[in-house]
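Participant: predicted structure and sequence below. I'll ask about it afterward.
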Amino acid sequence: MSTIAVEPRQAIQPPDDHPEEVSYLAAGHTVRSWLLTVDHKRIALLYLVSITVMFFIGGFAAVIMRLELATPQGDVLWSADGYNRAFTLHGIVMIFFFLVPSIPATLGNFLIPMMIGAKDLAFPRINLLSWYLYIMAGALALVVLIFGGVDTGWTFYTPFSTMFSNTMVVPAAMAGFIAGFSSILTGLNFIVTVHTMRAPGLTWFRLPLFVWSMYATSLVVILGTPVLAIALALISVERLFHVGIFDPALGGDPVLFQHLFWFYSHPAVYIMILPSMAVMSEIIPCFARRPIFGYRMIAYSSIAIAAIGFIVWGHHMFVSSQSMYAGMVFSMLSFLVAIPSAIKAFNWTLTMYKGSVRLETPMLYALGFIGLFTIGGLTGLMLSTMSTDMHFHDTYFVVAHFHYIMVGGAVMGYLGGIHFWWPKMSGRMYNELLGKLSALTVFIGFNLTFFPQFVLGNLGMPRRYYEYVSEFQFLNVMSSAGASILAVGYILPLFYMLLSLRNPPNAPANPWRATGLEWQTASPPPTHNFHKTPVVTRGPYEYSPEGAEAIDGNLNTAFE
Amino acid sequence: METLTPRSSNPAHVGRSNYDEEPILGVQFDDVEQQHESSIMGMWLFLSTEIMFFGGLIGAYTIYRFMSPGEFALASHHQNVPLGAFNTVVLLASSLTMALGVRAAQLHDHRAIVRWLILTAIFGTMFLGVKAIEYTTDYREHLIPAMGFQVPAEDLEKMPDMNVGRYQMYYVLYFFMTGLHAIHLIIGIGLVLVMAYLSWRHWFSGAGETQIDVTGLYWHFIDIVWVFLYPLLYLISAHASS
Ligand SMILES: [Cu+2]
């Protein structure tokens, strides 16, 4: 029994036997070799750099907002309008240019071909095209949002966005449109790759749950994004030509815009959270040294989340003239989507039961994810109950809820995944102590920032206001203080990960003794991932506590 | 490091007919079938995004028509039903020639490929020409929103209490949907002509079966969209009066 965990899943030659094959990082050092690459691993790194830039720009806008909100009066920004522009910048950049592409475009791009034993994605050039589209859209968005400014919020609600706002709504909508195209191309590539490129023996139920979850994400991307695109195109037409589509003064119906918008933007929440769930399903069994509990249920629940996620969008319109019966149906369906999410949370927890849990950095992030995602999910139930939503609607309670999902969930998962696969991507180990410190700082900073916002929302503080009554100040100062801790937690990994690049490659092929195919090749991997197409004969999570004990004692894996 | 498609700059392919060869295999693939299957599936998925794209529009159309059936029926009276029917036939014919082109590619018959693809492009262009005539008539009758739109006097007489915004909405949606369809068709014509040119130059290492097949899928999709748009936009009153 004790040898199962150390055995590689299939017989692959150790990388040392092929000294002539260079890693993908060494395959070219010119700018051209990066900008014209079709290697999915290099494209993943291009994305990693670009979304990191976007993350810190969006974060900077959040810093400005929290500074403004530290006092009840408006004093940091010149006007309420400046505050509107800051939160629009924050929302658009963080959602369209950080969260949506975050895990799929970096970890997904890097890992899906390796996890299924393929040399690359099915369409390497389309993959590169998606990055260029992303860059175009990102550049356009930054120019518009920073030098022009948009004051509609990321939701572009009509008729304000089409008839009243005096800001650059159309270029911002165009940026969202192009970014949507970029993510459609990524999702399409993933689905085709998973269908047609799996290694011999890699049946659907031998796929890592990362791949299942990423597959579900891609389904949501390709079916949801076009509807957002059409909604953005329609508001552009209404705004440019002053013809009625959504403006009630011209025969339009603003609620129709909300329906089209949320038809994408609710599933978009799952575009952001499913990839983090994908990461969880890899990290937790590895650091608990246990096979994942309920593999099939987790796989099916990813698909269920994608499917049910498409029929709950009406919970955003409980108070905007939607009929009560429609509201009841949407409310019920929203409760339903909590079930597959809960299945996942319970299964991850049960995976750890009687495991030998090692609290290394990725695992700390993963544990943080489970807790914060659970809070985010449960408060979501409070918002999908119509009677309580009347009370919480448009307050800080909503802000806190979706930040628990998107930051406490999605960003924690993203950081956990980056830490987990950093040795594979870069060939370097980061400083473990600083890693643990960052996980802890992020967890504390996050809760201090956003938990007070639940209370504020319950007390009735509306969202998107830049001044507030002075009795809310104490909680707002807490939140702003938490935000500064959170900022330190985010800058820390940037610092020590960049620092790790100064060392010569020092990561073993499989530093965590994980069982995935991606760990069976060198770190960093050669250009075509594997020297020989692997043949898969077992499931993805063959861990056991006994084997883990043996490893932690004195055994080495085959490749070290 | 070439991946997907061959290039004529490859010395092995310049200046000779090579349509009996197997298509060049991208490095990421193991065999030609896998490559073909991937390309076809990629196009189907892309078309599913297109369905959602037009689906959002048709959804908006359905809601407004449901809320204002009278205005929509009245506004649709000004469409030229015979011209629309003619265009429907033209597009259906183009789908037939496209299918024959795909068949010719499978048979490696280069002359037939070029012939059918060019015919397809001609039908597509014909459709656009008829559409242009219709748009011009609409412009003369002041039916283009944001370009001097006026509700015709006889319609105002027939329905004095009409919601003028909704009446115009029909035309906003009409021009948006048919315009979007026309853009797709222009892209399709471009694609078909590129395929015809490449076939004529014997650029493909096979006969371009995969590429032409994928182009064909896209073309049929454009055709099918029109099959939905025609009754939705032209035949409202035929339905309403019965
Ligand atoms: Cu929602």
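Facilitator: That came through, no problem. Numbering: from 1, shown residues only, chains lettered A, B, ... in the order given.

Participant: what sits against A:G377?
Facilitator: A:338, A:341-342, A:345, A:405 (Cβ atoms under 8 Å, 6 or more residues apart in numbering or on different chains). Using the backbone N, CA and C atoms, a C-beta is placed for each residue, glycine as well.

Participant: any idea which helix or strand carries it?
Facilitator: Assigned by DSSP states H and E, A:G377 belongs to helix A:361-384.

Participant: tell me which of the contacts of A:G377 fall in helices.
Facilitator: A:338, A:341-342, A:345 (DSSP state H).

Participant: of these, closest to chain B?
Facilitator: Nearest to chain B among the ones in helices among the contacts of A:G377 is A:S341, at 24.2 Å by Cβ to the nearest Cβ.

Participant: pLDDT at the closest residue to that closest one other than its chain neighbours, what is it?
Facilitator: Excluding its sequence neighbours, the residue lying closest to A:S341 (Cβ to Cβ, 6 or more residues apart in numbering or on different chains) is A:G377, at 5.5 Å. Reading off the confidence values, A:G377 has pLDDT 94.

Participant: same question for B:S242.
Facilitator: So B:S242 comes in at 41 (pLDDT).

Participant: please verify my assumption that A:R206 contacts A:G539.
Facilitator: Yes. Here A:R206 reaches A:G539: they are 5.3 Å apart, a contact under Cβ atoms under 8 Å.

Participant: about what we covered before: which among the ones in helices among the contacts of A:G377 end up buried?
Facilitator: Among the ones in helices among the contacts of A:G377, those classed as buried by 16 or more other Cβ atoms under 10 Å in any protein chain shown are A:338, A:341, A:345.

Participant: make TSV from those and add distance to B:D138 and pLDDT to it.
Facilitator: Output for these, formatted as TSV (distance: Cβ to Cβ, whole Å; pLDDT from 0 to 100):
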residue	distance to B:D138	pLDDT
A:A338	51	93
A:S341	51	94
A:A345	57	94
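
Participant: could you say which helix or strand contains the residue of chain B found nearest chain A?
Facilitator: Residue nearest to chain A within chain B: B:G165 (1.9 Å; Cβ to the nearest Cβ). According to DSSP H and E, B:G165 maps onto helix B:164-200.

Participant: gap between that helix and the chain center?
Facilitator: In terms of Cα atoms, centre = their mean, to the nearest Å, the centre of helix B:164-200 is found 6 Å from the chain centre.

Participant: can you mark which positions in it are buried?
Facilitator: For helix B:164-200, by 16+ other Cβ under 10 Å, it's B:164-178, B:180-182, B:184-185, B:188-189, B:191-193, B:195-196, B:198-199.

Participant: next SSE after that helix?
Facilitator: Next in sequence after helix B:164-200, counting helices and strands by DSSP H and E, comes helix B:209-234.

Participant: packing partners of that next one?
Facilitator: Applying 3 or more Cβ pairs under 8 Å, 6 or more residues apart in numbering or on different chains; DSSP states H and E, we find helix B:209-234 packed against helix B:32-67, helix B:81-106, helix B:110-140, helix B:164-200.

Participant: quick one: contacts of the helix or strand following the first one?
Facilitator: Moving toward the C-terminus from helix B:32-67, the first helix or strand encountered (DSSP H and E) is helix B:69-76. Counting by Cβ under 8 Å, 6+ apart, the neighbours of helix B:69-76 from elsewhere in the structure are B:64-65, B:155, B:158-159, B:162-163, B:166-167, B:169-171, B:233-237, B:240-241.

Participant: tell me which residues of helix B:69-76 come out buried.
Facilitator: Buried-residue list, helix B:69-76, by 16+ other Cβ under 10 Å: B:71-76.

Participant: just want the angle from that helix to helix B:209-234.
Facilitator: Interaxial angle of helix B:69-76 relative to helix B:209-234 (axes from the mean of the first three to the mean of the last three Cα atoms, to 10 degrees): 110 degrees.

Participant: would you enumerate the residues in contact with A:P171?
Facilitator: Counting by Cβ under 8 Å, 6+ apart, A:P171 has contacts A:140, A:143-144, A:148.

Participant: how about CSV for those, with distance to chain B, neighbour count and secondary structure added?
Facilitator: As requested, these are exported to CSV (distance: Cβ to the nearest Cβ, whole Å; neighbours: other Cβ atoms under 10 Å in any protein chain shown; DSSP: H, G, I helix; E, B strand; the rest coil):
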residue, distance to chain B, neighbour count, secondary structure
A:L140, 20, 18, helix
A:V143, 26, 13, helix
A:V144, 23, 22, helix
A:G148, 24, 13, helix
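
Participant: many thanks, have a good one.
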